[in-house]
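# Predicted coordinates and the sequence they were generated for:
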Amino acid sequence: MANFRRIGRYRLENSVRDLLGKEIAERVSLTRLDSDIDDTILAGIGAHALRRYLPGEVLHGLDVFTAAGSHAIVLGNLPMQDDLPATPVDGFGDEIEVAVLNAVHLGLIRLLHTTPFAVSFENGGRLIRNVVPNPTASGTTSSWGADSEFFWHSDNPHQPFGPPGSDPRPYVPQYLTFLAVRNEERVPTELAAIEDVVARLDQTTLDRLLAHEFQVGAPDSNDGDLTQPLKDTPILDFDTDGRYRVRYDRGTAAGATPAAAEALERWYEVLRGIPAEELVLEPGVFMAFDNHRVLHRRRAFTPGPAAAARWLRRCYAA
Ligand SMILES: O=C(O)CCC(=O)C(=O)O
Ligand SMILES: [Fe+2]
């Protein structure tokens, strides 16, 4: 069967990585830059250096990503810091210590022509989510979990889709961006294109998933008392360009009618066999994907020693 997944992949030469790292480290060393207070300044520093050193082909790929409607973009071998702190397994660390990472990450979000944002009901309202094996989240299907599989899902699917050009915060985030810091466990982040799922559904199931007969709740990562489930909503619908988009989390989606529950069961069976991209995000890899048109998954894993455990940095963008 055809495969609809479109992922742009790029990797920097070591010489480019080193020039970029040197310039950004110099620029951020003069002041104390925090991702929650100084995000615009960090983005400016990062974007300037990236525009100066990235090859034209990579700049072009970033430039057209959102307009082209690709599912994801991956850029490897970005500069890291020599003086990386221990993995903040309890969720939060000193953001000032990772200013180089933040300048790279927020600079790339700017080159995508998107705006980074945080939501008040998750991650303590902080801009960057440390995706780490947090011992307090064990047994939960959360980006802080490890021992449970985090099955195919979209992030914050309990929110409605927003009209283009809105304040993104009350809506399903359109883009998820990640900068990988550590992944010695080599745990992949898997991506599946919504078109590949739809192509494998029978017509009855597809019609039912488009009906306003589902309830979709907030994931475990949300501060429970601050969010409400969305009711009488479809799992699938169409964006303003007529493309399918999806809102789903196995743990929080339920059918409100017997037919809807049955369709959700069929959908789950199809997802279990869906073709996917398995991306082991290594240190220095940036990845962004369209959370409206991509489902993602992370399987259960055994974390390495806490200080060097898997560590991705995630930021929503729209
Ligand atoms: O750990 C991963 O690879 C992805 C986790 C996840 O689902 C998320 O951060 O939204
Ligand atoms: Fe997620």
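Received it, and whenever you're ready, just let me know what you need. Ligands and ions are numbered 1, 2, ... in the order given.
# Backbone dihedrals for the spatially closest residue to residue 306 that is not a sequence neighbour, please?
Spatial nearest neighbour of residue 306, chain neighbours left out: residue 89 (4.9 Å); criterion: C-beta to C-beta, 6 or more residues apart in numbering. (Each C-beta comes from the backbone N, C-alpha and C, glycine too.) Dihedral angles of residue 89 (phi, psi; degrees, to the nearest 10) stand at phi -70, psi -20.
# cool, and residue 214?
The phi/psi pair for residue 214 (degrees, to the nearest 10) is phi -130, psi 160.
# Equivalent analysis for residue 75, please.
Residue torsions, per degrees, to the nearest 10, at residue 75 are phi -130, psi 120.
# In this structure it contacts residue 281, no?
No. Here residue 75 does not reach residue 281: they are 11.0 Å apart, not a contact under C-beta atoms under 8 Å.
# Please enumerate the shared neighbours of the two.
residue 287 (C-beta atoms under 8 Å, 6 or more residues apart in numbering).
# Surely residue 46 and residue 99 touch.
No. Applying C-beta under 8 Å, one finds residue 46 not in contact with residue 99, separated by 9.8 Å.
# Please say which of those two ends up with more neighbours.
Neighbours were counted for residue 46 and for residue 99 using other C-beta atoms under 10 Å; residue 46 has more, 29 against 25.
# That one: what's it in contact with?
By C-beta under 8 Å, 6+ apart, residue 46 lies in contact with 24, 102-108, 110.
# do the same with residue 206
Residue 206 neighbours (C-beta under 8 Å, 6+ apart): 198, 236.
# So which bits of the helix or strand it falls within are buried?
Following DSSP states H and E, the helix or strand that holds residue 206 is helix 203-209. Along helix 203-209, these residues count as buried under the neighbour rule (16 or more other C-beta atoms under 10 Å): 205-206, 208-209.
# other SSEs contacting the helix or strand that that helix is followed by?
Next along the chain after helix 203-209, taking DSSP H and E as the criterion, comes strand 214-216. With contacts taken as 3 or more C-beta pairs under 8 Å, 6 or more residues apart in numbering; DSSP states H and E, strand 214-216 sits against strand 230-233, strand 253-255.
# how close does residue 229 get to ligand 1?
Counting by C-beta to the nearest ligand atom, to the nearest Å, the gap from residue 229 to ligand 1 is 19 Å.
# Within its local environment, how many residues does that residue see?
With other C-beta under 10 Å as criterion, residue 229 counts 15.
# what do you get for residue 302?
10.
# Might one say that it is in contact with residue 185?
Yes. Assessed by C-beta under 8 Å, residue 302 is found in contact with residue 185 at 7.1 Å.
# can you pull the contacts of the spatially closest residue to residue 19 that is not a sequence neighbour?
Residue nearest to residue 19 in three dimensions, not counting chain neighbours: residue 53, with 5.2 Å by C-beta to C-beta, 6+ apart. For residue 53, the contact set (C-beta under 8 Å, 6+ apart) comprises 16, 19-20, 23.
# and the gap between the residue nearest to residue 306 and residue 220?
Using C-beta to C-beta, to the nearest Å, residue 89 is found at 17 Å from residue 220.
# Check residue 267 too.
Residue 267 is 21 Å from residue 220, by C-beta to C-beta.
# Neighbour count: those two, which is higher?
residue 267 (25 against 18).
# So that one lies in a strand, does it not?
No. Read with DSSP: H, G, I helix; E, B strand; the rest coil, residue 267 is helix and lies in no strand.
# Quick check: it touching residue 204?
No. Using C-beta under 8 Å, residue 267 is not in contact with residue 204, being 11.7 Å away.
# before we move on, back to that, go through the contacts of residue 53 and give me the one with the most neighbours.
Busiest of the contacts of residue 53 [other C-beta under 10 Å] is residue 20, holding 24 neighbours.
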